[in-house]
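J.: take a look and give me a structure for this.
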Amino acid sequence: MGNIVIFDLYGTLLEDGFFEFKRGITWLYETYFADSCSLQEFLDFSDTFLPLYHQRKQHHREISMMKDELPLYFAQFGVPMPEDLWELDFQIMDHMQHETLSPAVVTTLDELERRGVPMYILSNSIFSGRSAMRLLERFGIAKYFRQIYTSADAGWRKPGTMVFRLVKHAILAENPGATADDIVFVGNDYTADAVGGVDAGLRTVWFNQQHLPNEPELPVIEIDDFSQLLDFVE
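T.: This next block holds a predicted model:
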């Protein structure tokens, strides 16, 4: 079917434990802002970003925590901004979310690597690909991926075709002789991944563990066990 694979990250490679936005913002407040304002003031300012989060679903434009939000927090409360925003990006992400890794994912990635399959990640996230890579290093699977692309870095998010187009162009530039027909996209979310992948013209595998209905019916391959992917990648 194909010999280059792009994976979604959350819910596909990593199983979601929790995502609590307020938990990460509270950590940010306690670490840098506790002497400058009350927690409620800080949370109220955080709420001013909510319209942007709603708009991104309509226009497929992404928000970057590091580029679009963090500088505004420090400016609003008159606190000097730390030099290492990359570290701050990772720490906020790490406090907001928790994931687990299935053994089936590891064995499948091992086999794909043995076959020489180039592997990439495309994730909807307000955090950078650099932070995502650090997360995968913790799980011991960063070594499998040539590059991690996040919507925060690209400025666009799935299911919009723009982010797929940018990533597809970058991957084909790295793999001379390959065409878009060589790329398989694998994701768990029906709208962001299944619809997005198909709309972008990619061969798409829908990792449908919950056996959700494919309505309207999309031309995707459905799997409910991660290792089944090996049947569709050369």
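
J.: what sits against Ala75?
T.: Going by Cβ atoms under 8 Å, 6 or more residues apart in numbering, Ala75 touches no other residue. Backbone N, C-alpha and C define where each C-beta goes, glycine included.

J.: check the gap between it and Phe45 for me.
T.: For Ala75, the distance to Phe45 (Cβ to Cβ, to the nearest Å) stands at 11 Å.

J.: same deal with Ala154?
T.: Ala154 sits 26 Å away from Phe45, going by Cβ to Cβ.

J.: of these two, who's got more company?
T.: Neighbour totals were compared for Ala154 and Phe45, and Ala154 leads with 22 against 17 (other Cβ atoms under 10 Å).

J.: now do the SS call for the residue of the chain positioned farthest from its centre.
T.: Ranked by distance from the centre of the chain (Cα atoms, centre = their mean), the top residue is Asp35, with 33.5 Å. Three-state assignment for Asp35 (DSSP: H, G, I helix; E, B strand; the rest coil): coil.

J.: Gly17 - that's part of a strand, no?
T.: Yes. Assignment of Gly17 by three-state DSSP places it within a strand.

J.: give me the neighbour count for it.
T.: Look at Gly17: counted by other Cβ under 10 Å, it has 9 neighbours.

J.: doesn't Gln97 make contact with it?
T.: Yes. Between Gly17 and Gln97 there is a contact at 7.4 Å, judged by Cβ atoms under 8 Å.

J.: contacting residues for Val220?
T.: 194, 197-198, 204-206, 214.

J.: same thing but 6 Å
T.: In this structure, Val220 makes contact with 194, 204, 206, judged by Cβ atoms under 6 Å, 6 or more residues apart in numbering.

J.: likewise Lys67?
T.: Lys67 neighbours (Cβ under 6 Å, 6+ apart): none.

J.: quick one: it is in a strand?
T.: No. Assigned with three-state DSSP, Lys67 falls outside any strand and is helix.

J.: mind checking how far it is from Met162?
T.: 17 Å.

J.: would you map the strands across the protein?
T.: For the chain, the strands defined by DSSP state E cover 4-7, 14-19, 97-101, 119-123, 147-150, 183-187, 203-207, 221-223.

J.: so what's the gap between the first one and the chain middle?
T.: Centre-to-centre, strand 4-7 and its host chain are 13 Å apart (Cα atoms, centre = their mean, to the nearest Å).

J.: ok, that strand: who's next to it in the sheet?
T.: strand 119-123 (parallel), strand 183-187 (parallel) (DSSP bridges).

J.: output the below-cut-off pLDDT ranges for the protein.
T.: For the chain, the stretches flagged by pLDDT under 70 are 1-2.

J.: just give me the longest helix of it.
T.: helix 161-174 (DSSP state H).

J.: so it versus strand 119-123, what angle?
T.: Inter-element angle recorded for helix 161-174 and strand 119-123: 160 degrees (by axes from the mean of the first three to the mean of the last three Cα atoms, to 10 degrees).

J.: buried residues, helix 161-174. List them.
T.: 161-164, 166-168, 171-172 (16 or more other Cβ atoms under 10 Å).
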